[in-house]
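**Q** quick check, what structure comes out for this input:
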Amino acid sequence: MEEQIIRTEYAELMQKSYIDYAMSVIVARALPDVRDGLKPVQRRTLYDMQQLGTTHDKPYRKCARIVGDTMGKFHPHGDSSIYDALVVMAQEFKKNLPLVDGHGNFGSIEGDGAAAMRYTEARLEKITQEVFLQDLDKDVVSFVPNFDETEKEPEVLPVRIPNLLVNGADGIAVGMATNIPSHNLGEVIDAVKAYIDNNRITVKELMKYIKGPDFATGGLVVNKSELPEIYEKGVGKIRMRGKTQIEKGKNGKILLVITEIPYTMIGANIGKFLNDVAALVESRQAPEISDISNQSSKEGIRIVIELKKGSDPERVRNLLYKKTRLEDTFGVNMLAVAGGRPETLSLRQIIEHHVDFQFELATRKYQNLLQKETDKKEVQEGLINAVDVIDLIIEILRGSKNQKMAKDCLVFGNTEGIKFRHRGSKAQAKKLCFTERQASAILEMRLSKLIGLEIDALYRENEETIARISRYEEILDNYDMMAQVIVQDLDRIRKEYARPRRTVVEDAEETVIEEKKEEDIDCIFLMDRFGYSRCVDEAVWERNREAAEAESRFICRTRTSGRIAVFTDKGVVHMLKVKDVPFGKFRDKGTPVDNLCNYSSADEAIVYVDSIENIKKQKLLFVSSDGMVKVVSGGEFDISRKSAKAAKLNEGCTLRMVGEVDGNDYLVLQSANGYFLRFSISEVPEQKKTAVGVRGINLAGNDRLDEAYLLMKGKELAVPYRDGEVVVSRLKLNKRAGKGTKH
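**A** Prediction:
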């Protein structure tokens, strides 16, 4: 075979391939159909469950069987997507109208996942059978081949309620996403009836029936006035809040109890909410809160926040609305597949598509029923006529050699080859003209049908059939009659399955928090050798002073409104706010300084820590590993940034010491090779923090500065050196920049 090479533009090929892929994901995977409100995986799962016979009145089936059957017949995209869809359709806290009756662990509102499909079982809910899958046998929807053309599946399910509104939908496609809130079944049915009564009804008028979203978790919708615009455009943001109530606790304490949560808090966000509340307490934004506990159970949500005696619960509630997900937004994007393409729909358009679909279903249903009744009438009339000439028919049957000969005689009056017992029977037989269907029914008729009562029953059945045909024709020919039938069906569904609204829709003012001025008190900042930091009040410090001095590497007095400066060996100063440091008991572990400022223990080491209030009053001495020294005014470190350069260092050098000049008279420098130099601090000039400094000690070769000590006049100081010690306070007083004395 001759090779054919097709040349094409690469960009065009990629564009076409990507568009094909995108449309496949949009239409066949991620977005629901506006007619039944289902994604393909949901539709296929429900249809497969019906095919398997897992109806509400039958025993549960293993989910693994349902998933495997669905994947093998209709949805070859992996078992996890099918099982996930099955689980969600069974979760009452996600769906207003669960479509699957799950048996076993199907997850919880707090984010616990469902058990593996080999453990769980499921069957269809009663409403799913009666409202979603009924009439599939009446040719009301088209069936299409499955992926390998070995099975047929419905293009859409004959759902008789606007499921897209009742259960909502969410999904992410390629370049687009859908997020439709759920609504109350009774309200939606009332809106559909209003549209059928007046198809020019506006969104505003429809909202007399549909008050707003009705989430499975309840809660509050607090921007009622914005809903008409959202439903008109099909996009917008719905503001939601959890429902709270105030109860009395023990010892005069107040309990703020959350009984309903926003829909967006389902799952892991409940745990995040608890952590956020704890963070508010730690940061002292909610000092009124003394305890929080999650007492939720099968009976419902119950998150209890215990407040201190005399607290203002209204302020705490507003704080939670402002700072946590107790108030959240639901981003509405009513995108669905309509007419085979994705479209953002208004509330009215969704109902319009639904009503058009219902009339299409009703038309196909009653056309099918009419055809069946017409065929039945034809047979009944044939049997009635046959009874009148039953003797002739019996004579034809007895005289025929085979069934075909008898049937030809009944349909066409063909008497050739038939032996008649009576002379006039042949002439009568030639006049017979039953239809094919009637002739078949006559040949299959039992002799018991000739009993008088049976004949009377046949006449009655024929009258009933004629009445049904008349009714079906009237429904098909009259819009109002068909509308009445649809409305009656909706009324029955509403009566049996509607439930009271859970979500309250109202207009609420924007939450305003009166920021409490934190009490500015004196405290002691403590940091241990591992960098764990905490603050204690002065009374705690005085009681544990000895232990604190033994265990802490850095100790400084400050105020709760103050800041702490952390100097590192890289010549950087990091600022941290005292209010961010845990304040509590002396034995509390504290928080790593890494978590409080930009300091990184992996890259730098701390050399000096003090409060900025104290530093501003001081002059600081800086000593680097290459022997350079300088004095800097503490006011230069009163900065607003989180981090800044504190000292300019030569390449490869580190900062060895930072200390207060005031109160000290001498500086002793010790090199790695054992040279000690003592000189007066007055010889060190005051410079800017950006200066490198002046030579403190003259280091030979590859020697480096190891330690630096500040001394007061008349104070003895001995430091360890090798196997002994050196009394640095007795060293000979030299000039700055000398070589020092070898030890």
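**Q** longest helix anywhere in this protein?
**A** helix 347-388 (DSSP state H).
**Q** show me what it is packed against.
**A** helix 163-166, helix 185-197, helix 203-206, strand 335-338, helix 436-444, helix 452-477, helix 479-497 (3 or more CB pairs under 8 Å, 6 or more residues apart in numbering; DSSP states H and E). Where you see a C-beta, it was placed from the backbone N, CA and C, and this is true even at glycine.
**Q** parallel or antiparallel, list what pairs with the following helix or strand past the fourth one.
**A** Looking back up the chat, that one is strand 335-338. For strand 335-338, the following helix or strand on the C-terminal side (DSSP states H and E) is strand 341-344. Strand 341-344 has the following strand partners under DSSP bridges: strand 335-338 (antiparallel).
**Q** which ones are touching the residue nearest to the spatial centre of the chain?
**A** Nearest to the geometric centre of the chain sits T264, at 6.2 Å (CA atoms, centre = their mean). Residues near T264 by CB atoms under 8 Å, 6 or more residues apart in numbering: 240, 325, 328-330.
**Q** which of those are buried?
**A** 240, 325, 328, 330 (16 or more other CB atoms under 10 Å).
**Q** can I get the residues you listed in a markdown table with secondary structure, distance to G339 and pLDDT?
**A** Formatted as a markdown table, these follow (DSSP: H, G, I helix; E, B strand; the rest coil; distance: CB to CB, whole Å; pLDDT from 0 to 100):
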| residue | secondary structure | distance to G339 | pLDDT |
| --- | --- | --- | --- |
| M240 | strand | 32 | 95 |
| R325 | coil | 37 | 92 |
| D328 | strand | 34 | 93 |
| F330 | strand | 27 | 95 |
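**Q** if we can go back for a sec, hmm, which two among the contacts of T264 are most spread apart?
**A** R325 and F330 (11.6 Å; CB to CB).
**Q** where do the contact lists of these two overlap?
**A** With CB under 8 Å, 6+ apart as the test, R325 and F330 both reach 262, 264.
**Q** which residue lies farthest from the center of this structure?
**A** R423 (87.4 Å).
**Q** the nearest residue to E378 once chain neighbours are set aside - how many residues pack around it?
**A** Once flanking residues are discounted, E378 sits nearest to R437: 5.5 Å by CB to CB, 6 or more residues apart in numbering. Applying other CB atoms under 10 Å, we find 14 residues neighbouring R437.
**Q** quick one, what contacts R437?
**A** 375, 378-379, 382.
**Q** export the residues you listed as TSV, with columns for pLDDT, distance to R678 and neighbour count.
**A** Formatted as TSV, these follow (pLDDT from 0 to 100; distance: CB to CB, whole Å; neighbours: other CB atoms under 10 Å):
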residue	pLDDT	distance to R678	neighbour count
D375	90	120	12
E378	88	125	17
V379	87	125	19
G382	84	131	21
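**Q** show me what secondary structure element comes after the worst-scoring helix or strand of the chain on mean pLDDT.
**A** Lowest mean confidence among the helices and strands of the chain (mean pLDDT, DSSP states H and E): helix 10-25, at a mean of 71. Downstream of helix 10-25, the first helix or strand assigned by DSSP H and E is helix 40-52.
**Q** which residues sit against that next one?
**A** Contacts for helix 40-52 (CB under 8 Å, 6+ apart): 28-29, 32-33, 36, 38, 61, 65-66, 69-70, 73-75, 77, 81-82, 85-86, 89, 99-100, 122-124, 128-129, 132-133, 136, 153-154, 156-157.
**Q** for beta bridges, what are the partners of A644?
**A** V573.
**Q** for it, give its distance to V661.
**A** Taking CB to CB, to the nearest Å as the measure, A644 falls 21 Å from V661.
**Q** which of those two has more residues huddled nearby?
**A** Higher neighbour count among A644 and V661: V661, with 19 against 15, using other CB under 10 Å.
**Q** please enumerate the helices of the stretch 501-650 of the chain.
**A** Secondary structure of the stretch 501-650 of the chain (DSSP state H, counting those that start in this stretch): helices at 538-543, 545-551, 612-615.
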